[in-house]
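Chemist: Sequence and computational prediction follow.
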Amino acid sequence: MNNRLLTIRVGLFFLLGLALLWVTYESLSGGRVFRAKGYTLVARFNNLKGLHDGDDILMAGVRIGSVARTRLANGRAEADLTIDPEIAIADDAVATIAQSSLLGTNHLEVTVGTPGAPRLPPKGELKTRESVDINEVIAKIGSLGDRLDKLATQIGDGLGGTGPGGGLFARLDKLVTDNGPKLTETISNLQDITAKIREGNGTLGRLVNDPKLHDELLASIGEIKSAAGDARTFIADARSVVDEVKSGKGAIGALLYDEQTAANIRTAMKNLRDVSDKLNSGQGTLGRLISDDSLFREAQGTLSKVNRAVDSLSDQGPITAVGVAAQTLF
C-alpha cells in the first residue's frame, strides 16, 4: 500500500515537472510551438551589432517573427528572418536594428510600409537601414572628451604662460608696462579733448553744445534732401522726355525716329537749295532783281519820273495835271 502511494506521488511530481518545463518553453518561445513557422525573408547589414538568433522582429511594437539565423556572405552580414504567415510585409518596408534594453539586447524593427503596396514574396530581400551603434556613440564621446581635454590644456598653457613666449596675461602685463607712459599721455589727451568739447570749443564742441548750430545743420541737411528730391524729379522728367523722344513723340522724336518727317525735311531742303541756285543764277523775277543791275536802274528811273510828275501836279490844275502826268510818263 505504501509502495503504491509512493509511486503515485512520484508520478505526480514527474507530471508537475513536465508541466513546468512546458510552461517555461512556451514562455520562452512566445507560445508558438505548434503554430506554423511562417515564411523566410533575408535582411543584409554592414554590421548586425549584436543581433542574435532568436531575437524578436517587431512591427509597430508587435512581435511578427524572430531571427532564424545569422551569417556572413559576400563581405556583409545576413540574417534569415522567420515571419508569421498571417503577416504581410510591404516591399517598401525598411528594417533597422534597435536596442531593446540598456543591457545590450537588440531586436529587429520593421516599418509598416505603404498601405496597398505589393508584399514581399518568401525568400525575398527586406530593405535595411543602418542604425547608430551605442558603442560607436560612446567611443566618439570618449574621443571628443580627449579632444576637449587637449583643448583645455592648450588654453591653460596659452593663458598661464608655460609657452616659449609667455602666456597671454604675461604678454598683456609686458605690453602695459612697456607702454605705460604712452597710455598715460593718451588718456590725458583724451581728457583735454573731452573738456574742450564740453566747454563748446571747436567745431565739434559747438555742434554738441550750441543748439542753433545744430538746428542750422539739420536745416542744411533738409535742404540737401530737398535738392536731392528735386534732382530725382528732374532725372525722372528727363527720363520721361527721353522715353517720349525714343517713342517718336514730339518734334524732336519725329525728327529722329519718324521716317516720313525726315523725308519731308530732306525734300524741303532740296527745294530750298534749288531756289537758292536759281536765285544765284538770276532766274525768275526775284533772281533778276538780285543779279541784274539794269532792272534796278530802270525801276529807279521810273520812280524819278513819278516824283517829277507829282511835283508838277502840285503847280497846275486837274486837267492840266492829267495831261502833264500822261506826257511825263509816256
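Modeler: Arrived safely.

Chemist: Quick check: the residue lying closest to residue 199 once chain neighbours are set aside vs residue 243, distance?
Modeler: The shortest distance from residue 199 to any residue that is not its chain neighbour, by CB to CB, 6 or more residues apart in numbering, is 6.4 Å, and that residue is residue 205. The way it works is simple: take the backbone N, C-alpha and C, and place the C-beta from them, glycine included. As for residue 205, its distance to residue 243 is 51 Å (criterion: CB to CB, to the nearest Å).

Chemist: Over to residue 38?
Modeler: In this structure, residue 38 and residue 243 are separated by 81 Å, where distance is defined by CB to CB.

Chemist: The two - which one has more neighbours?
Modeler: With neighbours defined as other CB atoms under 10 Å, residue 38 and residue 243 compare such that residue 38 has more, 19 against 11.

Chemist: Verify the stated contact: the more buried one with residue 83.
Modeler: Yes: under the criterion of CB atoms under 8 Å, residue 38 lies in contact with residue 83, with a separation of 4.9 Å.

Chemist: Could you name every residue contacting both of these two?
Modeler: Counting by CB atoms under 8 Å, 6 or more residues apart in numbering, the shared contacts of residue 38 and residue 83 are residue 65.

Chemist: thinking again about what came up before, show the pLDDT at the residue nearest to residue 199.
Modeler: For residue 205, the model assigns a pLDDT of 73.

Chemist: What strand or helix carries it?
Modeler: Under the assignment given by DSSP states H and E, the secondary-structure element containing residue 205 is helix 202-209.

Chemist: That helix: what's the following helix or strand?
Modeler: Toward the C-terminus, helix 202-209 is succeeded by helix 211-246 as the next helix or strand (DSSP H and E).

Chemist: on contacts alone, who are the packing partners of that following helix?
Modeler: In this structure, helix 211-246 makes packing contacts with helix 202-209, helix 250-257, judged by 3 or more CB pairs under 8 Å, 6 or more residues apart in numbering; DSSP states H and E.

Chemist: buried sites along the first one?
Modeler: The neighbour-count criterion (16 or more other CB atoms under 10 Å) identifies residue 205 as the buried residues of helix 202-209.

Chemist: Which other helices and strands does that helix contact?
Modeler: Helices and strands touching helix 202-209, as assessed by 3+ CB pairs under 8 Å, 6+ apart, comprise helix 180-199, helix 211-246.

Chemist: can I get the ones you listed in JSON lines with distance to residue 145 and mean pLDDT?
Modeler: Output for those, formatted as JSON lines (distance: least, CB to CB, whole Å; pLDDT from 0 to 100):
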{"stretch": "helix 180-199", "distance to residue 145": "43", "mean pLDDT": "81"}
{"stretch": "helix 211-246", "distance to residue 145": "60", "mean pLDDT": "78"}
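
Chemist: circling back to that earlier point, enumerate every residue touching the residue nearest to residue 199.
Modeler: With contacts defined as CB under 8 Å, 6+ apart, residue 205 is in contact with 196-199.

Chemist: What's the separation between it and residue 275?
Modeler: Noted for residue 205: a distance of 78 Å to residue 275, by CB to CB.

Chemist: what's the answer for residue 39, then?
Modeler: Note on residue 39: its distance to residue 275, by CB to CB, is 112 Å.

Chemist: quick one, which of the two is more surrounded?
Modeler: A side-by-side neighbour count of residue 39 and residue 275, using other CB under 10 Å, places residue 39 first with 18 against 14.

Chemist: Hmm, the more buried one is touching residue 83, no?
Modeler: Yes: with contacts defined as CB under 8 Å, residue 39 counts as touching residue 83 at a distance of 5.7 Å.
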